[in-house]
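Student: Pasting the sequence and the predicted coordinates here, then a few questions.
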Amino acid sequence: MFNTTAWNRIRYGLYAPVYDLVAERAFRDARRRALEQVNWHPGMRVLLVGAGTGLDLPWLPRDVELQATDLSPAMVRRLERRAESLGRDVQAEVMDAERLTYPDDHFDVVVMHLILAVMPDPAKGLAEAHRVLKGDGQLCVMDKFQADDRPASIARRGLNAVTSAIATDITRQAGPLMSEAGFLIEQDTPVMMGSLFRALLARPA
Ligand SMILES: C[S@@+](CC[C@H](N)C(=O)[O-])C[C@H]1O[C@@H](n2cnc3c(N)ncnc32)[C@H](O)[C@@H]1O
């Protein structure tokens, strides 16, 4: 399968100038609903992983401390510009979700929107999210997933060879992935295209 971190860095660098045109309106409602599932408190330390151009920023409370990471420098530059235009103080860094440089038990909330279906090894991304989250922290996920109760069909797996190389994996199952990473799912809400896109809120088990 042609889905590697090196390829993702290249392709998201190419997509960055047009990303908002494709994703801003399309995912507005889904990302807002996902973030509404979080139990927010002033002063929380929040990490956006694979934050892209920062389309989550308008939907985040203003009284939290924000850090954002992405694999693509072009995405991070756009996020910084968005943060500035919104008057938000965000520490943004180029970083691989599989190798976060933050200490253990550091964040109250980790947001992973539209990245678990993109990165080649989502289990590693979830393991890192689990490591940097505090014991009572919250993981906010919004992405497209195969239903938990049945594996992807052969046809879907065939199509996935193409979609995972140019866009996204369409065979991943949120429930098994998150429970194997040590998360307990508290909320699981279909938010777009029937139940293809789901908003999940989870805590370290
Ligand atoms: C579909 S976009 C989603 C962006 C943003 N989270 C959103 O909701 O609009 C996927 C993002 O994940 C980033 N990405 C892909 N693999 C990554 C990795 N291993 N570590 C960090 N970011 C990654 C890409 O550069 C891209 O910005």
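Tutor: Yes, it's here. Just so it is clear, the structure is predicted and the values come from calculations on it, not from any experiment. Numbers count the residues shown, from 1 in each chain.
Student: got a pLDDT number for Ala167?
Tutor: pLDDT, Ala167: 89.
Student: do you know how far it is from the ligand?
Tutor: Counting by C-beta to the nearest ligand atom, to the nearest Å, the gap from Ala167 to the ligand is 8 Å. Quick note: C-beta positions are derived from backbone N, CA and C, even for glycine.
Student: Burial check on that residue, number of neighbours?
Tutor: 14 (other C-beta atoms under 10 Å).
Student: what sits against Gly135?
Tutor: Counting by C-beta atoms under 8 Å, 6 or more residues apart in numbering, Gly135 touches Asp105, Pro204.
Student: rerun that using 10 Å as the cut-off
Tutor: Residues in contact with Gly135 (C-beta atoms under 10 Å, 6 or more residues apart in numbering) are Asp105, Arg203, Pro204.
Student: For Phe107, see how far away it is.
Tutor: Distance of Gly135 to Phe107, given as C-beta to C-beta, to the nearest Å: 11 Å.
Student: same deal with Arg32?
Tutor: Relative to Phe107, Arg32 is positioned 21 Å away (C-beta to C-beta).
Student: Those two: which has the busier surroundings?
Tutor: Phe107 (23 against 15).
Student: what's the closest non-adjacent residue to the residue of the chain found nearest the ligand?
Tutor: Closest residue of the chain to the ligand, C-beta to the nearest ligand atom: Gly52 (2.6 Å). Among residues not flanking Gly52 along the chain, Met75 sits closest, at 5.1 Å (C-beta to C-beta, 6 or more residues apart in numbering).
Student: buried ones in the helix or strand hosting that neighbour?
Tutor: Per DSSP states H and E, Met75 falls inside helix 73-86. Using 16 or more other C-beta atoms under 10 Å as the test for burial, helix 73-86 gives Ala74, Met75, Val76, Arg78, Leu79, Glu80, Arg82, Ala83.
Student: by contact count, what packs against it?
Tutor: helix 5-36, strand 65-70, strand 90-94 (3 or more C-beta pairs under 10 Å, 6 or more residues apart in numbering; DSSP states H and E).
Student: Show me where the chain dips below the pLDDT cut-off.
Tutor: Residue ranges of the chain with pLDDT under 70: 1.
Student: re the thing from before, number of residues surrounding the residue of the chain closest to the ligand?
Tutor: Neighbourhood size, Gly52 [other C-beta under 10 Å]: 26.
Student: before we move on, what about Asp89?
Tutor: 9.
Student: quick one, what contacts the residue nearest to Gly52?
Tutor: Met75 neighbours (C-beta under 10 Å, 6+ apart): 9, 12-13, 15-16, 19, 50-54, 68-69, 92, 94.
Student: change it to 8 Å
Tutor: Met75 makes contact with Tyr12, Gly13, Ala16, Tyr19, Ala51, Gly52, Thr53 under the criterion C-beta under 8 Å, 6+ apart.
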